[in-house]
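Colleague: Below: sequence and its predicted model.
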Amino acid sequence: MSDHMNQDEFHQEQAREGKEQNPELAEIADLSKRGYQYLKENRLDEAEECFARILERDRENNYALVGLGDAARKRGAYREAVDHYKKCLVFHPGNNYALFGLADCYKALNQYQKAIEIWEQYLLHDNKNITVLTRVADAYRKVRDFRKSKAIYLRVLEMEQDNPYALIGLGHLHYDFKEYKDALGYWQRMVELQGDAVDIRVLTSIGNCYRKLKQFESGIPYFEKALAKEPDNFYALFGLADCYRGSGQPHRSLEYWNKILAKDPRNKVILTRGGDAYRNMGEYDKAAAFYERALNIEFDVYAVLGLAVIARLEGKYEDAIMSLRKLIQNDPKNYRLYLELSQCYLALGDKQRALEVLVDFQRLGIRNVYIQDAIAKLQRS
């Protein structure tokens with residue numbers, strides 16, 4: 001049975017259908033009641049056995065078909081569940097429970113457009129169902145229809161002020177469209193409403209908004225609160241490390257990169273971040289060791305870039321230039337490579353070559369504020 005259903009009402013309806021006291025109908029009603037109780041207790045094999053016995057007597061029984069769909073959905077067998085719900089809808093078009101389950105399966109299968117179509121059918125029968133409305137808004141968010149998604153979330157908030165699913169959904173919607181300040185407003189409202197009980201994902205989401213806004217100091221307390229709830233949470237550790245990196249505290253960032261690496265020593269992204277932290281602390285040997293560890297796992301452009309930066313800082317300009325030229329051949333749109341190559345030529349006293357490198361990037365037709373600023377600075381000097 002779909003989790004939004006009222007079980008007592010469901011079986012009262014069955015009892016009315018079997019009021020003639022027909023023994024077979026009474027047995028079907030009993031099997032159905034037991035099946036749904038087993039579902040509630042996650043005793044899925046026993047639930048399915050009850051529903052199968054019903055279908056031996058009545059192959060079109062909507063309770064049994066929905067029950068089998070719900071059992072399959074609970075197992076994560078979404079395609080099997082879809083078949084059961086669809087079969088129910090052939091015999092009982094418009095059955096709300098089958099529609100709800102079918103839409104949830106399509107959502108789980110990332111078939112959001114199909115889910116939307118089914119939920120909209122459901123809303124024809126029950127257009128004030130907040131659970132369904134938030135699901136439709138979520139699905140529109142997944143297909144990046146900002147206008148429809150926002151309109152439905154706001155409709156939910158009109159029906160139920162401060163509905164948590166709508167507030168969280170609006171936060172994600174604005175975040176997805178890079179409207180970080182608006183996202184913050186919705187998620188911070190959740191903190192106001194729930195205080196210390198707020199979900200850890202809300203805390204990390206707020207922290208990530210501040211990271212995106214480059215307000216690193218403001219993000220730190222939210223990631224710290226998240227870690228207080230769950231000390232090994234990857235997103236909280238990563239966010240805190242990145243905030244310390246952004247606020248110019250590499251020694252603090254390294255503390256949290258290393259905590260991630262203690263659990264996941266072959267994470268090459270984190271190894272390169274740890275290498276960056278050591279490099280910014282002036283510990284070039286340790287930085288190089290981290291970059292090499294990343295490269296031993298798999299080629300990583302930022303690990304090679306990190307080694308090139310170390311080469312420049314140690315005065316090995318030609319080595320750095322050779323390495324960066326190779327990287328640019330393989331990744332010609334990466335502006336950071338051009339900035340670093342330009343720095344190498346400047347270190348050699350060749351301002352003209354430094355400027356040419358930056359102009360080469362501009363010829364790709366990509367507007368980049370860091371490249372533009374570097375060109376303007378060189379032209380002024």
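Modeller: All right, it came through fine. Since we're looking at a predicted model, the values are computed, not measured.
Colleague: what about the nearest residue in space to residue 92 that is not next to it in sequence, how many residues close to it?
Modeller: Of all residues not flanking residue 92 in the chain, residue 62 sits nearest, at 4.6 Å (C-beta to C-beta, 6 or more residues apart in numbering). Every C-beta, even on glycine, is put in place using the N, C-alpha and C of the backbone. By the criterion of other C-beta atoms under 10 Å, residue 62 has 17 neighbours.
Colleague: What of residue 30?
Modeller: 15.
Colleague: who touches the residue nearest to residue 92 in this structure?
Modeller: Counting by C-beta atoms under 8 Å, 6 or more residues apart in numbering, residue 62 touches 88, 91-92, 95, 97-98.
Colleague: Now residue 270: which helix or strand?
Modeller: Per DSSP states H and E: residue 270 is located in helix 268-280.
Colleague: sorry, that was for residue 46
Modeller: Counting by DSSP H and E, residue 46 is found in helix 44-57.
Colleague: can you dump the C-alpha coordinates of that helix into CSV?
Modeller: Taking Å, rounded to 0.1, in the frame of the first residue of the first chain, the C-alpha atoms of helix 44-57 are listed here in CSV:
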residue,chain,number,x,y,z
LEU,A,44,7.6,-8.4,2.1
ASP,A,45,7.7,-12.2,1.3
GLU,A,46,4.7,-12.8,3.5
ALA,A,47,2.9,-9.8,2.1
GLU,A,48,3.4,-10.9,-1.5
GLU,A,49,2.2,-14.4,-0.6
CYS,A,50,-1.1,-12.9,0.7
PHE,A,51,-1.6,-10.8,-2.4
ALA,A,52,-0.8,-13.7,-4.7
ARG,A,53,-3.4,-15.9,-3.0
ILE,A,54,-6.0,-13.1,-3.6
LEU,A,55,-5.1,-13.0,-7.3
GLU,A,56,-5.7,-16.7,-7.6
ARG,A,57,-9.3,-16.0,-6.7
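Colleague: Residue 111 and residue 142, how far apart?
Modeller: In this view, residue 111 and residue 142 are 10 Å apart by C-beta to C-beta, to the nearest Å.
Colleague: likewise residue 84?
Modeller: Distance from residue 84 to residue 142, by C-beta to C-beta: 24 Å.
Colleague: Next: residue 166.
Modeller: Counting by C-beta to C-beta, the gap from residue 166 to residue 142 is 16 Å.
Colleague: any idea of the pLDDT on the residue lying closest to residue 298 once chain neighbours are set aside?
Modeller: Excluding the flanking residues, the one nearest residue 298 by C-beta to C-beta, 6+ apart is residue 268, at 5.9 Å. Note on residue 268: pLDDT of 96.
Colleague: so residue 268 makes contact with residue 291?
Modeller: No. Contact criterion C-beta atoms under 8 Å: residue 268 and residue 291 do not qualify, at 9.7 Å.
Colleague: Residues in contact with both of the two, list them for me.
Modeller: If you check residue 268 and residue 291 against C-beta under 8 Å, 6+ apart, the residues they both contact are residue 303.
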